[in-house]
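Chemist: Show me the folded form of this:
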Amino acid sequence: MLKILIIEDEEIIAQRLVQLLDQIKVDYQLTGIIGSVQEAIAWLSKHEQPDLIFADIQLSDGNSFSIFKAVNVKSKIIFTTSYDEYALDAFKVNSVDYLLKPITAKKLEKAFGKLSEMSRAFGDNQDEVGGLTEEDKITHLLEYLDRKEKDFRNRFLIKMGNAYKSITAEEIAYFFVSNKTTYLMTFTKKKYSLDTPLDDLDKELDTKLFFRINRQMIININAIKEIHTFFNSRLLLHIEPSFDEDVLVTRSNIAKFKEWMNS
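Modeler: All right, here's what the predicted structure looks like:
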């Protein structure tokens, strides 16, 4: 039997969700209906976590994402929302499930079907398809949303002797580290050194355009021409301009990389 918690500030919608759970014959125990961010934080801090949480995004006292910043939640989560392209982009990138309002029995059945495919049991914390735990997915989602709230870095001022050159992010095929120095490579095969560490660049760049495939490289999606499987469960990328070494997506980044390529 699934233990389910509903976080929803509109009582009619919460009760409708309960009716739909009964209608599609889910074997569940309702642990509570909570209507605010602060109440949810308090409840989750004191009680055993449920197997599944339905969480509305916009609550009476704020955004439900703040709940998961305050509490380490390992339950599976289905967000409910009115159409919100901003939020849906985040879900698409991070493989977090969502339901668009109005919620119907058909939508609910589809959501449960997807969850069943990802895990043989709701008590299993490992996502069998994406290779990410529920905690990982929420962490990545919050990181993505934090980035979306900031302005991405669109230009890089490069010092060239006594002069400077401005390069746009769209002109850059990839960033890489060599001998402890950070470089950028443009699509026109021009290489320039940067003072910015790769860790900082990873936080500043547009996540739709750039992805950090390993510790040494961040790549522009338009530089990727072919993707091949590689030994030790890694991916080998054929990129342009070419790189002197094998361009590999590490095992720990493969699930996120695939989601990024599909977004």
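
Chemist: Only the buried residues of stretch 236-255, if you could.
Modeler: The neighbour-count check on stretch 236-255 (16 or more other CB atoms under 10 Å) flags 237, 239, 243, 247, 248, 249, 250, 253, 254, 255 as buried. For glycine as for every other residue, the C-beta is placed from the backbone atoms N, C-alpha and C.

Chemist: Quick check: end-to-end length of that stretch?
Modeler: One end of stretch 236-255 to the other measures 14 Å (CA to CA, to the nearest Å).

Chemist: Equivalent analysis for stretch 152-170, please.
Modeler: Stretch 152-170: ends 12 Å apart by CA to CA.

Chemist: so what secondary structure elements neighbour the one helix or strand residue 173 maps to?
Modeler: Assigned by DSSP states H and E, residue 173 belongs to strand 172-178. Using 3 or more CB pairs under 8 Å, 6 or more residues apart in numbering; DSSP states H and E, the elements in contact with strand 172-178 are strand 181-186, helix 198-204, strand 217-220.

Chemist: Go through these and name the closest to residue 57.
Modeler: Closest approach to residue 57 among those is made by helix 198-204 (24.0 Å; CB to CB).

Chemist: helix or strand for residue 206, which one?
Modeler: Here residue 206 is assigned to no helix or strand, by DSSP H and E.

Chemist: Correct me if wrong: it contacts residue 168.
Modeler: No - using CB atoms under 8 Å, residue 206 is not in contact with residue 168; the gap is 11.3 Å.

Chemist: any common contacting residues for the two?
Modeler: Residues touching both residue 206 and residue 168 (CB atoms under 8 Å, 6 or more residues apart in numbering) are residue 154.

Chemist: rewinding a little: between the buried residues of stretch 236-255, which is closest to residue 33?
Modeler: residue 255 (32.8 Å).

Chemist: In terms of secondary structure, what does the helix or strand where that closest one lies contact?
Modeler: Assigned by DSSP H and E, residue 255 belongs to helix 254-262. Secondary-structure packing of helix 254-262 (3+ CB pairs under 8 Å, 6+ apart): helix 85-94, strand 210-212, strand 234-239.

Chemist: if you average pLDDT over it, what comes out?
Modeler: The predicted model assigns helix 254-262 a mean pLDDT of 89.

Chemist: buried residues in it?
Modeler: In helix 254-262, counting by 16+ other CB under 10 Å, buried: 254, 255, 256, 257, 258, 259, 260.

Chemist: just the CA coordinates of the strand holding residue 173, formatted as CSV?
Modeler: Taking C-alpha atoms only, strand 172-178 is exported to CSV below (Å, rounded to 0.1, in the frame of the first residue of the first chain):
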residue,chain,number,x,y,z
ILE,A,172,32.0,29.0,-28.6
ALA,A,173,32.1,25.2,-29.4
TYR,A,174,33.5,24.1,-26.1
PHE,A,175,35.5,25.0,-23.0
PHE,A,176,38.3,22.8,-21.7
VAL,A,177,41.1,22.6,-19.1
SER,A,178,44.6,21.7,-20.1
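
Chemist: Could you number the chain from 31 rather than 1 from now on?
Modeler: Okay, residue one is now 31; in that scheme the one you just asked about reads as strand 202-208.

Chemist: Nice, that's everything, thank you.
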